[in-house]
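S.K.: how would this look folded up:
(one chain, ligands or ions: 3)
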Amino acid sequence: MFIGMIIMPFGYDLPGGMWTMFLLTTAVMVISGRQFLQSAWASFLNHHANMDTLVAIGTFTAYFYSIYAMLTHQPVFYESAAFVITFVLLGQVFEEKMKHAASGAVEKLMDLQAKDALVLRDGKMMKIPLTKVEVGDLIRVKPGQKVAVDGIITEGSSTIDESMVTGESIPVAKKTGDAVIGSTINNTGTFMFKASKVGNDTLLAQIVELVKKAQTSHAPIQKTVDKIADIFVPIVIIVAILTFVVWYTLLGASLVNAMLFAVSVIIIACPCALGIATPTALMVGTGRSAKMGILIKNGEILEAANSIKTVVFDKTGTITVGKPRVTDIIGDQQKVLEVAVNLEATSEHPLAAAILNKAKEAGIVAHEAQNFTAIEGKGIQAQISNKKAFIGNQRLLTDYQLDDQTAAKMVQLQNEAKTVVIVGFDDKIIGLIAVQDTPKKSSAAAIAALKKRGLRTVMLTGDNKHVARAIADHVGIDEVIADVLPGDKADKVKELQQQAPLAFVGDGINDAPALTTANVGIAMGSGTDIAIESGGIVLVKNDLLDVVRALELSQKTFNRIKLNLFWAFIYNTLGIPVAAGLFSGLGLILSPELAGVFMALSSISVVASSLLLNRVKLTHTAPAV
Ligand SMILES: Nc1ncnc2c1ncn2[C@@H]1O[C@H](COP(=O)(O)OP(=O)(O)OP(=O)(O)O)[C@@H](O)[C@H]1O
Ligand SMILES: [Cu+]
Ligand SMILES: [Mg+2]
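M.R.: Numbering: from 1, shown residues only. Ligands and ions are numbered 1, 2, ... in the order given. Purely as a prediction, here's the structure:
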C-alpha cells in the first residue's frame, strides 16, 4: 500500500493517468479504508459517532466524488482520500508504538524473574526451573543470585536489592525470620528461605497484574469526553455541509473546491486526540508510580485523589512502625507477665507480640488458659486455673475500678506515648503493662509535607486519647480521634467525609472498612491482605512520604489529562475555520491531505505530552533518610 502511496503523486503522469489513480486509490480504500467504514457503521448502529465516522465520511466522499468527476470529465482528487487514510494509519502506528513504550515498562518487570532455583528435594540441593518451585520448598540463594519466589528466611542473612519491586535503591538487611520478595537480587550473603508464594501469587506477579488493570482502566473524566465527542461529530458534519453549500452556492466556488473545503473540515475535526488524551496519561502516570512502589489501582482513584482535602491516619503500623516493645511493668513483674502471656499466647494483636517477646526474655512460658474471648478494641478474657483473668484497656473494666495511684500512673505513662494495658487475675487488678511503639522515620516529614499542601491531618485510633495525643504531637498531626472501636472506624470516616473528601491511610484488618469507605483508601504494603485488597492505593514501601508522592503523582497525571484534553479540543476547533476556507482570502488553505497530517500530529503530540509525565519533577523524589 505504501508503495502505491509513493507513486501516487506521479500517478496522473503514468500511462493511463486517471485510471491508474482510480485503481490505486480503490486498492487503498478497499484494503485500509474498509476498517474505518466498518467501525463507523458499528458506532452508527449504536447511535454514536466517533473519529472513524469522520475519517470514513471524509475519505469516501472524496473517493466517490472523484469517480463521479472522472466519469463526467471533471477534476478529480483521488489522492486526498488515499493520503488521509495513510496518514491516519501512520499516526495510529506511531501512537501504538508510543503507547507501547509507555506500558511496556511494567511488563518488563516479569522478565526480571529468576529462571531457576536451588531447591532442597529428597535431601539434596538441586536446580529446578522456576515453574516447578512449590510453596514450602527450601531454597538456597547464593551471592549475586536472584531470589526465586516470595518466602521467609530460615537460615543465614544478607542484604538484598529490592529496588525492582519497591523502587527503594538502598539494599535492605535481612536475617532469619525476615520476608524476602521474589525477583529481588541478593548481594553478598548466602541464605536459605522457605517459599511462601509462588507463580501468580508472588508480590511481583500481583503488582504487574494490578498495574496492567490500572493502565487500562478508565477515569470518570473520560465519560464527559465521550459525551463531548458524541455531540461534536454531528456538529462537524453539519458544519461541513454548510461549508459546502456556502462555498458552492453563495461564494461561487467550483464543485471540486467546495467539496475539498468540506472534506478538510471533516478530517481536521476528527477528535482522535481527544480520545487518547486520558488513557495515555493514565498509563504513564500509573506506570511511573508503580516503579516507585506506589500502586494506584485505577483511574477513578487517581481522579478522586485530586479532590482530597483531609488525610486520616490509623496509628499502629501506619504512623508507627507497628513493632511495639514493653517498656514498663507496674506490679509484681513475674506475676503480671505470667498472666499476660497466657492470655496473649494466641492473639495476633501487635500488643500481644510485644508482651510475648518480653515474657520470652524473662524466661516465662505460657501454660494453658481456657474459654478465651477476645473482645475487639478492648482486650482478652479467659480462665487460668479456673480463675477469671483479663488483659485490656479501661473499656474492659466494667466491673472493676483502678485505685487512684494506679490510675495516675497510667495517665503518666500514656502521656509518654505508651499504650497501657491492665492485667487482672482472680477478681483483682494485679498490674499494668506499658508498651511503646516508635513513629516511622518518615512520618513527621510526611505530615509536614501534607500540611504544606494545605491538607487537614487527623489520627483515628483505637488507642487511648493520651497516647494518641502524645504520638500526634510527636509527628505533627493536628487532630486526634481516639478510643474508636474497630467497628466504628468506618463511621468516623463517613462523618469526616461529610465535611470534605478524604483519604484514609491504614494497615490493619480493622482498617479495611474505613479504607473502602474513604474517597481514597491508602493501604500499607506490609499490612494485612484484606487491607491491601480494600485500598485503592497500595504503598509497597510502607513509607508515609509515599502518601505525599501518591497524591502529587495523581495530581500531576490528572493535570496532564486536562491539559491534553484542552489541547486536543482547541486544536480541532481552531482547525475547523481554517479548513472551511475562512482565511482563503489570505491564501491560507488546508487541503484534505494537510488536514490529515495535522490531525495525525495532534494525536502524536498528545501521546508525547503524556510521555512527558515520566519527566515531570516531584517534590519528594528522594527516599527519606
Ligand atoms: N490482644 C489485646 N491485648 C491487650 N489489649 C488489647 C488487645 N486487643 C485490643 N486491646 C486494647 O484495645 C485497644 C484498641 O485496640 P485496637 O486494635 O482497636 O487499636 P490499636 O491497634 O491499638 O490502634 P490503631 O487503631 O491505631 O491501630 C488497645 O490499645 C488495647 O488497649
Ligand atoms: Cu482523528
Ligand atoms: Mg491497628
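
S.K.: from here on, contacts and neighbour counts on C-alpha atoms
M.R.: Will do.

S.K.: interface residues of the stretch 451-600 of the chain facing ligand 3?
M.R.: Gly508 (CA under 5 Å from the ion).

S.K.: pLDDT below threshold where in the stretch 451-600 of the chain?
M.R.: Across the stretch 451-600 of the chain, nothing is flagged by pLDDT under 70.

S.K.: give me that answer again for 90
M.R.: 485-487, 507-513, 516, 524-536, 540-543, 567-576, 578-600 (pLDDT under 90).

S.K.: can you tell me the residue of it closest to ligand 2?
M.R.: Met599 (5.5 Å; CA to the ion).

S.K.: Just give the closest residue to that residue, not the sequence neighbours.
M.R.: Distances taken as CA to CA, 6 or more residues apart in numbering put Ile268 closest to Met599, at 5.5 Å, once the chain neighbours are dropped.

S.K.: Now the one you found: phi and psi?
M.R.: Backbone torsions of Ile268, given as degrees, to the nearest 10, read phi -70, psi -30.

S.K.: cool, Leu582 as well?
M.R.: According to degrees, to the nearest 10, Leu582 has phi -60, psi -30.

S.K.: give me every residue that touches it.
M.R.: Residues in contact with Leu582 (CA atoms under 8 Å, 6 or more residues apart in numbering): none are found.

S.K.: what does the model give the residue nearest to Met599 for pLDDT?
M.R.: On pLDDT, Ile268 comes in at 84.

S.K.: Could you count how many residues lie near it?
M.R.: The number of residues packed near Ile268 is 34, by other CA atoms under 10 Å.

S.K.: repeat for Ile170
M.R.: 12.

S.K.: wait, it sits on Asp161?
M.R.: Yes: contact criterion CA atoms under 8 Å: Ile170 and Asp161 qualify, at 6.9 Å.

S.K.: Need the contact partners of stretch 155-166.
M.R.: 109, 168-176, 181, 183-193, 204, 291-293, 540-541.

S.K.: Buried ones only from the residues you listed, please, as a PyMOL command.
M.R.: With 16 or more other CA atoms under 10 Å as the criterion, this PyMOL line picks the buried residues out of those:
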select buried, resi 109+168+174+175+181+183+184+185+186+187+189+190+191+192+193+204+291+292+293+540+541
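
S.K.: and Ile364, helix, strand or coil?
M.R.: coil (DSSP: H, G, I helix; E, B strand; the rest coil).

S.K.: now do the one 3 residues further on
M.R.: Recorded secondary structure, His367: coil (three-state DSSP).

S.K.: Please name the nearest non-neighbouring residue to it.
M.R.: Asn342 (6.2 Å).

S.K.: Confirm that the one you found lies within a helix, as I assumed.
M.R.: Yes: the assignment for Asn342 is a helix, going by three-state DSSP.

S.K.: residues in contact with it?
M.R.: Here Asn342 is in contact with Ala366, His367, Glu368, Ala369, Ile384 (CA under 8 Å, 6+ apart).

S.K.: give me phi/psi at Thr190?
M.R.: Torsion angles, degrees, to the nearest 10, at Thr190: phi -120, psi 140.

S.K.: Please name the residues that touch it.
M.R.: Arg140, Val141, Lys142, Pro143, Gly156, Ser157, Ser158.

S.K.: out of those residues, which are inside strands?
M.R.: Arg140, Val141, Gly156, Ser158 (DSSP state E).

S.K.: what's the pLDDT at the third one?
M.R.: Meaning Gly156. On the pLDDT scale, Gly156 gets 91.

S.K.: how much space is there between Val484 and Val435?
M.R.: According to CA to CA, to the nearest Å, Val484 and Val435 sit 19 Å apart.

S.K.: again with Gln381
M.R.: 19 Å.

S.K.: Quick one: the ones in strands among the contacts of Thr190 as TSV, columns for neighbour count and distance to ligand 1 too.
M.R.: Output for the ones in strands among the contacts of Thr190, formatted as TSV (neighbours: other CA atoms under 10 Å; distance: CA to the nearest ligand atom, whole Å):
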residue	neighbour count	distance to ligand 1
Arg140	24	36
Val141	22	36
Gly156	16	32
Ser158	20	31
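
S.K.: can you pull out the strands in the stretch 101-250 of the chain?
M.R.: Taking DSSP state E, counting those that start in this stretch as the test, the strands found in the stretch 101-250 of the chain are 116-121, 124-129, 138-141, 150-156, 158-161, 172-174, 179-180, 185-186, 191-197.

S.K.: How is this protein divided into domains?
M.R.: 2-106+215-281+558-614, 116-204, 294-320+439-540, 325-436 (automatic domain parsing).

S.K.: closest to Leu551 out of those domains?
M.R.: domain 294-320+439-540 (6.0 Å; CA to CA).

S.K.: who's in contact with the closest residue to ligand 3 within the stretch 201-350 of the chain?
M.R.: Evaluated by CA to the ion, the stretch 201-350 of the chain has Thr316 as its residue closest to ligand 3, separated by 4.6 Å. By CA under 8 Å, 6+ apart, Thr316 lies in contact with Gly322, Asp437, Thr461.

S.K.: what's the spacing between the second one and ligand 2?
M.R.: Okay, so that is Asp437. 58 Å (CA to the ion, to the nearest Å).

S.K.: give the contact list for that residue.
M.R.: Per CA under 8 Å, 6+ apart, neighbours of Asp437: Thr316, Thr320, Val321, Gly322, Lys323, Pro324, Arg325, Lys418.

S.K.: Of those residues, which are in range of ligand 1?
M.R.: Contacts with ligand 1 within the contacts of Asp437, counted by CA under 6 Å from any ligand atom: Thr316.

S.K.: Among the contacts of Asp437, which lie within strands?
M.R.: Going by DSSP E, the strands hold Arg325, Lys418 from these.

S.K.: between the contacts of Asp437, which is nearest ligand 1?
M.R.: Here the nearest of those to ligand 1, counting by CA to the nearest ligand atom, is Thr316; it sits at 4.0 Å.

S.K.: Which pair in the contacts of Asp437 has the greatest spatial separation?
M.R.: Once CA to CA is applied, the contacts of Asp437 give Val321 and Lys418 as the farthest pair, at 13.8 Å.

S.K.: which residues in the stretch 451-600 of the chain form strands?
M.R.: Counting by DSSP E, counting those that start in this stretch, the strands of the stretch 451-600 of the chain are 456-460, 479-481, 502-506, 520-524, 537-539.

S.K.: Including mean neighbour count, could those go into a markdown table?
M.R.: Output for the strands of the stretch 451-600 of the chain, formatted as a markdown table (neighbours: other CA atoms under 10 Å):
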| stretch | mean neighbour count |
| --- | --- |
| strand 456-460 | 21 |
| strand 479-481 | 19 |
| strand 502-506 | 29 |
| strand 520-524 | 29 |
| strand 537-539 | 29 |
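
S.K.: thinking again about what came up before, is it possible to export the contacts of Asp437 to TSV including distance to Leu588?
M.R.: Shown next, in TSV, are the contacts of Asp437 (distance: CA to CA, whole Å):
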residue	distance to Leu588
Thr316	67
Thr320	66
Val321	67
Gly322	69
Lys323	72
Pro324	74
Arg325	78
Lys418	77
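
S.K.: Out of the contacts of Asp437, which comes closest to Ala472?
M.R.: Once CA to CA is applied, the member of the contacts of Asp437 that ends up nearest Ala472 is Thr320, at 10.4 Å.
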